[in-house]
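> Sequence first, predicted model second:
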Amino acid sequence: MLRSAAPQWAGHGVECHVLAVAPSAGPLAQDLSVAGYPVMHEPDVPLRRVPARLRMLVSAGRYDVVHLHAERGNFWFGLAALSARAAAVRTVHSIFPFRGALRAERAVQRRTLSALSVVHVAVSAAVAGNEHRRFHNRAQVVPNWYDSSFAPPTAQERARARAELRLSERAFVAVSVGNCAGLKRHNLVLEAMAHPRSPRGLVYLHVGQEDEEHSERHLAEELEVGDRTRFLGLRHPLQALHAADVFVMPSVREGVGIAAIEALATGLPAVLADSPGLRDLAGNGPAVRLTDDTPEAIACTLAAVMHDAERGECIRRPPDAVCERFSMERGVAAYAGIYQNLLTQRG
């Protein structure tokens, strides 16, 4: 999101710098730097030392606004920013299921930051709802946006993508994008492929980093669908999206399901679990189909999508609601407006 939006900020009078608080600057640091962001790095070990260093950095740089994205340490980072006389914005990117003492702690922290005029932003209605119910935190919604490079392929681009991935033009191809975390439930896709009601010969493209045990690869072999499953690793997903016929995401929950939005932007129909964060996308046109989180339900829904495709009822164009709701221009303008309002309120 930051990389694609780099040219947009100047039009709103905003100059953005990026600080990575992690063991290293991260794999995207170079890309962000090339895009025009000054990128800084603060090691997070030990985390308790970061707020003081952040305060000095914000004060020395005379930053107007500090925009916090991580859940970890956000309260202390927010206090550090405020103590350096900067305004603070905090974006909540996920549906955090905290319980017990941790839930109470985070609720108090959120209320304290709000009382200090920190603006809380949620990336979806589902995230905002969870923040309100679980932490009594009111957050305004600014949806994540997608890169404009995610667009429907031309016939030549689709043919080239299929050829490079060694896919038959007749193959019905499903794609998922995401790492092999348990919450993603890619096992349901593999189990759906082995179900009798699955589309015959379904090919599955898995874009994302596998876990160290390669558990999903082993499961594919056990289910005897390994020959129809391609683990493509951590890479840009556009080629796989151009080659595919349907996107599938059976996650337990998603903050906003940006991978699903990117798939819809390329004109793919999407089969999504009826779960928080993904359920929000159901109102973005008939291309979105919600399904129960069972192998049989997923298999049947994929078969229905293939049936529509064979009848010529799947027109590859992005839903208008997706283009409008998740546009980069709209999201950047919303955040720039929040920054300017904070500075106006602070005089």
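Noted; the coordinates are in hand.
> going forward, measure contacts and count neighbours with C-alpha atoms only.
Fine.
> So what's the gap between stretch 32-43 and the chain middle?
21 Å (Cα atoms, centre = their mean, to the nearest Å).
> So for it, mean pLDDT?
Mean pLDDT, stretch 32-43: 95.
> ok, and what's touching it?
2-3, 6, 16-25, 29, 50 (Cα atoms under 8 Å, 6 or more residues apart in numbering).
> Do a quick rundown of the strands in the stretch 151-300 of the chain.
173-177, 203-207, 229-233, 246-249, 270-273, 288-291 (DSSP state E, counting those that start in this stretch).
> Output these in TSV, with mean neighbour count appended to each entry.
Below are the strands of the stretch 151-300 of the chain laid out as TSV (neighbours: other Cα atoms under 10 Å):
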stretch	mean neighbour count
strand 173-177	26
strand 203-207	24
strand 229-233	17
strand 246-249	26
strand 270-273	25
strand 288-291	21
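> right, so of the ones you listed, which gets closest to residue 99?
Of all the strands of the stretch 151-300 of the chain, it is strand 270-273 that lies closest to residue 99, at 23.9 Å by Cα to Cα.
> from the chain's centre, how far out does the closest one sit?
15 Å.
> Against which helices or strands is it packed?
Other helices and strands packing on strand 270-273, by 3 or more Cα pairs under 8 Å, 6 or more residues apart in numbering; DSSP states H and E, are strand 246-249, helix 258-265, strand 288-291, helix 295-310.
> Tell me which of those is the most buried.
Most buried of the helices and strands packed on strand 270-273, by mean neighbour count (mean count of other Cα atoms under 10 Å): strand 246-249, with a mean of 26.
> re the thing from before, in JSON lines: the strands of the stretch 151-300 of the chain, plus distance to residue 310 and mean pLDDT.
As requested, the strands of the stretch 151-300 of the chain are exported to JSON lines (distance: least, Cα to Cα, whole Å; pLDDT from 0 to 100):
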{"stretch": "strand 173-177", "distance to residue 310": "13", "mean pLDDT": "94"}
{"stretch": "strand 203-207", "distance to residue 310": "16", "mean pLDDT": "95"}
{"stretch": "strand 229-233", "distance to residue 310": "22", "mean pLDDT": "93"}
{"stretch": "strand 246-249", "distance to residue 310": "13", "mean pLDDT": "95"}
{"stretch": "strand 270-273", "distance to residue 310": "16", "mean pLDDT": "93"}
{"stretch": "strand 288-291", "distance to residue 310": "17", "mean pLDDT": "91"}
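> that older thread, from the contacts of stretch 32-43, pick the one nearest residue 102.
residue 50 (21.1 Å).
> Distance to residue 12 for the strands of the stretch 151-300 of the chain - can I get that in a markdown table?
Listed next are the strands of the stretch 151-300 of the chain as a markdown table, based on distance: least, Cα to Cα, whole Å:
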| stretch | distance to residue 12 |
| --- | --- |
| strand 173-177 | 32 |
| strand 203-207 | 35 |
| strand 229-233 | 37 |
| strand 246-249 | 35 |
| strand 270-273 | 34 |
| strand 288-291 | 34 |
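> So which of the contacts of stretch 32-43 sit within strands?
Among the contacts of stretch 32-43, the ones falling in strands (DSSP state E) are 18, 19, 20, 21.
> Since that was my last question, I'll sign off now.
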